[in-house]
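# make a model of this:
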Amino acid sequence: MKRPDMSDAQMDLLAERLAAAGLGRRDFLRIAGGLAAMGAAGFNTRAAEAQPKLAPNEKLAKDQSFRYGGGGLFQNDPSSHDFNKDLYCSGVPALWAGLMKFNADFTAVPYVAEKVDSNKDGSVWTFKIRKDSKWSDGGPCTARDFEYSWKRQLDPASKAPYASFLYDIKNGEKFNKGEIKDASEVGVKAKDDWTLEVTLEGPRGYFPVLAAYLAALPGHKASIEKHGDKWTEAANIVGNGPFVLETWEHNKVMVLRKNKHFFNAKQVTLEKITIPIIPVQSGALPYENNELDLTALQTGDLKRLQGDPKSGKEVFKYPYPGTWYLLPQVTKAPFDNVKVRRAVGHAVDRENIVKVAQGFAIPAHSMIPSGFPGATDDPKIKAIQKFDPKAAMAMLKGTPFEGGRNWPRIVLSMRDEALGSKPLAEAVQATLLEHLNLKTELEVLEPRVFRERLWKQDLQFVWIRWFMDYPDPHNEYFDTFYGKKTTGKRQAWVNAAFDKELEAGRDTRDAKKRLQHYAKAEEIMQTDAGYVPVAWVLRWAAAKPQVRGLQKNKQGESVIDGNIYVDMLTNLYIVEKS
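Presented below is the predicted three-dimensional model:
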């Protein structure tokens, strides 16, 4: 089935749905690129079968056990494994299988659905479900389960925080907001056990992309009704994914076993997966002690592991395009003065700041990382906020802060997280003190508190990051800085000329003109110092030599599980140690 054409308005709606799910604040997602890669094949492109590819004289290990975590992966105990109710429960995605899934290039491909079809304009989608689709108790997993699950998420009684993710479904928003009470009016209907028909509020050529997200995973009705919020405990859970939850010792460890009832069980090689809950402060020590077979790496461990002749071969970079930047709040002194904001831009010594990241960041001169659509290499833009201590101090002439004096109390706020955030923020503090005599107090806030105050523009000076959702300038600029947004604004800064360029870039299909508009928007934003780009993100992981099957994207990069691509475990296998 050829994918229906998608207008710019539909792409804006897709971005809105991603933002509703909080995806603009997480991971490295490349959705638009995946959509473009589909071509005429549409959403019925099949996923490659996950068969082990053994080298000469190589054998599969008899014990197909795999241990992973650490370095920020499963550093906290999940609140549950119920993605249908809470997208960010931090559970194990491999316990479930959705209608669609994302491959390593972030293209949505059929999973539990064996065929996807739509009417001409993409306003009604039909998913034909595999007849060998089963729950882990052996019972059939049918279209009725997906109808129940999506309506459960939209039901206001569920209080699902990301229910708006499904607002494209006809009457989904009205049902969720209590404007209609009858769930049968919501546009999700099982025509029979194996046919799910989804009627939308209008043309939505991208809808199967949403069906591939964690939020669209099913829940087991009988277990939910019997056990309530405890239904995903190991003793109660019934899933439909490639693995089942065998044990869950809270705050200690989770153990998964291969699900013999999974429709594609013959293609899954791993038999047992152990996931210890490891605080991020433990770094790579569990991996080095041979307690893990794969781990993400934090800044303190990369150089040491790379420098070791043995472990250096085990380290690899994985895609995580993102940007660290500063937000000087224009409604709060002293940043209500554009000269002060420009001074900050010139005082940031990016080359020295990224040294503390120990390989996890490189200097940034714009919002979009090099190598991604919309990245600018324009010397004119690079010069706007280039590091220049003399220019920084000169900017303060004629202000109350001339000569770096009379600064008020300034608080630099950030969320409490790993990812090397705090060392980078402290390096920013140091460079501002050195070159502007600007002293800042670092405030580390619990993530939920940080978000709430951020949306209220209650913070004076912010250290923050943005991880790419899809490789298009629209994501970096429109979803973050567009002044006419009514919700989810990170900053009080608004500029009419900037907004006009974004709208022009959004509303034309001419690729060259689009990039010109977004480049002009970057120039305007930097000139007005609406933000200060500091560093672009790099990410690293390590895997033992016996671990095979990590998928590679079209750029040749190995991809590990995130919150979009979650298919890693079904592809892995263990070979005998040489």
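
# worst-scoring helix or strand of the protein, pLDDT-wise?
helix 31-38 (a mean of 56; mean pLDDT, DSSP states H and E).

# neighbouring strands for the next helix-or-strand element following that helix, and are they parallel or not?
Next helix or strand after helix 31-38 toward the C-terminus (DSSP states H and E): strand 65-67. Paired strands of strand 65-67, with direction, are strand 272-276 (parallel) (DSSP bridges).

# ok, which stretches of the stretch 101-250 of the chain are strands?
Shown for the stretch 101-250 of the chain, the strands assigned by DSSP state E, counting those that start in this stretch span residues 108-110, 113-118, 124-129, 188-192, 195-199, 243-249.

# nearest to Phe335 among those would be which one?
strand 108-110 (41.6 Å; Cβ to Cβ). Glycine gets a C-beta too; all of them are placed from N, C-alpha and C.

# returning to that earlier point: among the strands of the stretch 101-250 of the chain, which is nearest Asp349?
Closest to Asp349 of these is strand 108-110 (Cβ to Cβ; 42.4 Å).

# pick the most buried one from the strands of the stretch 101-250 of the chain.
strand 108-110 (a mean of 25; mean count of other Cβ atoms under 10 Å).

# contacts only, for the closest residue to Lys59 other than its chain neighbours.
Spatial nearest neighbour of Lys59, chain neighbours left out: Glu576 (4.9 Å); criterion: Cβ to Cβ, 6 or more residues apart in numbering. Taking Cβ atoms under 8 Å, 6 or more residues apart in numbering as the contact definition, Glu576 lies against Glu58, Lys59, Leu60, Ala61, Gln546.

# can you add mean pLDDT and distance to Gly139 and give the strands of the stretch 101-250 of the chain back as JSON lines?
Putting those into JSON lines (pLDDT from 0 to 100; distance: least, Cβ to Cβ, whole Å) gives the following:
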{"stretch": "strand 108-110", "mean pLDDT": "91", "distance to Gly139": "22"}
{"stretch": "strand 113-118", "mean pLDDT": "95", "distance to Gly139": "19"}
{"stretch": "strand 124-129", "mean pLDDT": "97", "distance to Gly139": "14"}
{"stretch": "strand 188-192", "mean pLDDT": "98", "distance to Gly139": "15"}
{"stretch": "strand 195-199", "mean pLDDT": "98", "distance to Gly139": "17"}
{"stretch": "strand 243-249", "mean pLDDT": "98", "distance to Gly139": "14"}
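
# just so I know, which of those strands lies nearest Ala357?
Taking those one by one with Cβ to Cβ, strand 108-110 is closest: 33.0 Å.

# packing partners for that closest one?
strand 100-102, helix 207-211 (3 or more Cβ pairs under 8 Å, 6 or more residues apart in numbering; DSSP states H and E).

# dump those into a markdown table; add mean neighbour count, mean pLDDT and distance to Lys115 as well.
Compiled in a markdown table, the helices and strands packed on strand 108-110 are given as follows (neighbours: other Cβ atoms under 10 Å; pLDDT from 0 to 100; distance: least, Cβ to Cβ, whole Å):
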| stretch | mean neighbour count | mean pLDDT | distance to Lys115 |
| --- | --- | --- | --- |
| strand 100-102 | 24 | 92 | 11 |
| helix 207-211 | 27 | 88 | 11 |
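
# of all those, which lies closest to Lys554?
strand 100-102 (13.7 Å).

# so what does that closest one touch, helix or strand wise?
strand 108-110, helix 207-211.

# any idea how far the nearest residue to Glu402 once chain neighbours are set aside lies from Tyr88?
Using Cβ to Cβ, 6+ apart and skipping the chain neighbours, the partner closest in space to Glu402 is Leu396 (5.0 Å). Separation of Leu396 from Tyr88 (Cβ to Cβ, to the nearest Å): 42 Å.

# the two: who's more crowded?
Leu396 (24 against 17; other Cβ atoms under 10 Å).

# mind listing what Ala61 touches?
Neighbours of Ala61 in contact, by Cβ under 8 Å, 6+ apart: Gln546, Ile574, Val575, Glu576, Lys577.

# how about a cut-off of 6 Å?
By Cβ atoms under 6 Å, 6 or more residues apart in numbering, the contact list for Ala61 reads Ile574, Val575, Glu576.

# burial check on the first one, number of neighbours?
Just to be clear, that refers to Ile574. Neighbours of Ile574 using other Cβ under 10 Å come to 22.

# likewise the second one?
In terms of burial, Val575 registers 17 neighbours under the definition other Cβ under 10 Å.

# who's it bridged to?
Leu60.

# what comes up buried for the helix or strand harbouring Asn352?
According to DSSP H and E, Asn352 maps onto helix 350-353. Under the neighbour-count criterion of 16 or more other Cβ atoms under 10 Å, helix 350-353 has Arg350, Ile353 buried.

# for whichever helix or strand comes after that helix, which strands pair with it and how are they oriented?
The helix or strand immediately downstream of helix 350-353 is strand 361-363, counting by DSSP H and E. According to DSSP bridges, strand 361-363 forms sheet pairs with strand 532-537 (antiparallel).

# output the partner strand as PDB, nothing but the C-alphas.
In PDB, the C-alpha atoms belonging to strand 532-537 read as follows (Å, rounded to 0.1, in the frame of the first residue of the first chain):
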ATOM      1  CA  VAL A 532      23.300  30.500  23.200                       C
ATOM      2  CA  PRO A 533      24.400  27.300  21.600                       C
ATOM      3  CA  VAL A 534      27.200  25.600  23.500                       C
ATOM      4  CA  ALA A 535      27.800  22.000  22.600                       C
ATOM      5  CA  TRP A 536      26.600  19.100  20.400                       C
ATOM      6  CA  VAL A 537      26.100  15.700  21.900                       C
END
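
# what residues does it touch?
Residues contacting strand 532-537 (Cβ under 6 Å, 6+ apart): 320, 322-326, 344-345, 348, 350, 354, 361-362, 364, 366, 369.
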